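K.L.:
Here's a sequence, model it:
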Amino acid sequence: MRRNGPLALIFHTIFVVVMVAPILVVCLVAFTPEGFLSLPTNGFSLRWFRTIANYPEFIHAFWVSLGLGALSSFVALLFAVPAALAIARYRFRGRDALAALFLSPLMIPHVVLGIAFLRFFTSAGLGGSFAALIIAHVIIVFPFALRLTLAAATGMDRTVEMAAVSLGAGGWTLFRRVSLPLILPGVISGWALAFIQSFDDLTMTVFLAAPGTETLPVRMFLYIQDNIDPLVTSVSACVIAVTMTALILLDRFYGLDRVLAGKGDTGR
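P.N.:
Down below sits the predicted model:
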């Protein structure tokens, strides 16, 4: 096996530092005892973490973002799985055009989508509703779920399905017992990527969110318009901590390799 040369190691080190440094700075600023954005040079304090309890709108916005991300990514998968299987299995007229249509939300700026959705949902009487947020988020996260599910479906061994059919498996049994387990890593990865995209979206959601349906990014954006203090950094640090804890527990009890790459337990 070839080892990375000095230039490759330097490049990887710079890449990791550039990616991780902003996260570390945000987490450090969250522990400052000062009333303004600064690194905690005079000691660490939990002042701004305790302050979160005085702003229940942040907690409510977090649960809205969590529910919106989970629901919209799940609904997107309900459409992405059959679409991916159809595109991967069959050759039909308009197949490439259909695939391009499904991926087209990636090519449209979210600002344009936000304005278009705002006009449409207002005309339909759904302006500011949670249903409008779900529909809009399903549309923007669907391409992410489709891409990973389609990659898994394209690389699937079709002979396994043919063997199941030859043994008398019906359509539902074939999907549930054979096809779905084969593409499950792509399905889970697609759901995770779609959830992250939905949870983190601000540019489009800011046009659709109402006071009762504000997501966490929108709530943070509105807060920093009128306030310059470390409260937003403490909220961000909490979200980072929750994310890291979830990934560690998932890796400990199930394994990230099995989730993202479909690798089994090689120790058996």
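K.L.:
May I see the buried residues of the one helix or strand residue 61 maps to?
P.N.:
Residue 61 belongs to helix 56-89 when assigned by DSSP states H and E. Buried positions in helix 56-89, judged by neighbour count with 16 or more other Cβ atoms under 10 Å: 58, 61-62, 64-66, 68-69, 71-73, 75-77, 80-81, 83-85, 87-88. Placement of C-beta: from N, CA and C, glycine included.
K.L.:
Please spell out which residues along whatever helix or strand comes next after it are buried.
P.N.:
Following helix 56-89 in sequence order, the next helix or strand is helix 95-103 (DSSP H and E). Residues of helix 95-103 classed as buried: 99, 102 (neighbour count, 16+ other Cβ under 10 Å).
K.L.:
which secondary structure elements does helix 95-103 contact?
P.N.:
Counting contacts by 3 or more Cβ pairs under 8 Å, 6 or more residues apart in numbering; DSSP states H and E, helix 95-103 is packed against helix 56-89, helix 130-154.
K.L.:
how about it as CSV, C-alpha atoms only?
P.N.:
Output of helix 95-103 as CSV, limited to C-alpha atoms (Å, rounded to 0.1, in the frame of the first residue of the first chain):
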residue,chain,number,x,y,z
ARG,A,95,-36.0,8.2,-18.6
ASP,A,96,-33.1,10.8,-18.6
ALA,A,97,-35.5,13.7,-18.8
LEU,A,98,-37.4,12.3,-15.8
ALA,A,99,-34.2,11.9,-13.8
ALA,A,100,-33.2,15.5,-14.6
LEU,A,101,-36.6,16.7,-13.5
PHE,A,102,-36.3,15.0,-10.2
LEU,A,103,-32.8,16.6,-9.6
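K.L.:
tell me the mean pLDDT over that helix?
P.N.:
Averaged over helix 95-103, pLDDT sits at 89.
K.L.:
in this protein, which helix or strand is least confident?
P.N.:
helix 256-260 (a mean of 62; mean pLDDT, DSSP states H and E).
K.L.:
how about a markdown table for the helices and strands packed on helix 95-103, with mean pLDDT added?
P.N.:
Below are the helices and strands packed on helix 95-103 laid out as a markdown table (pLDDT from 0 to 100):
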| stretch | mean pLDDT |
| --- | --- |
| helix 56-89 | 92 |
| helix 130-154 | 91 |
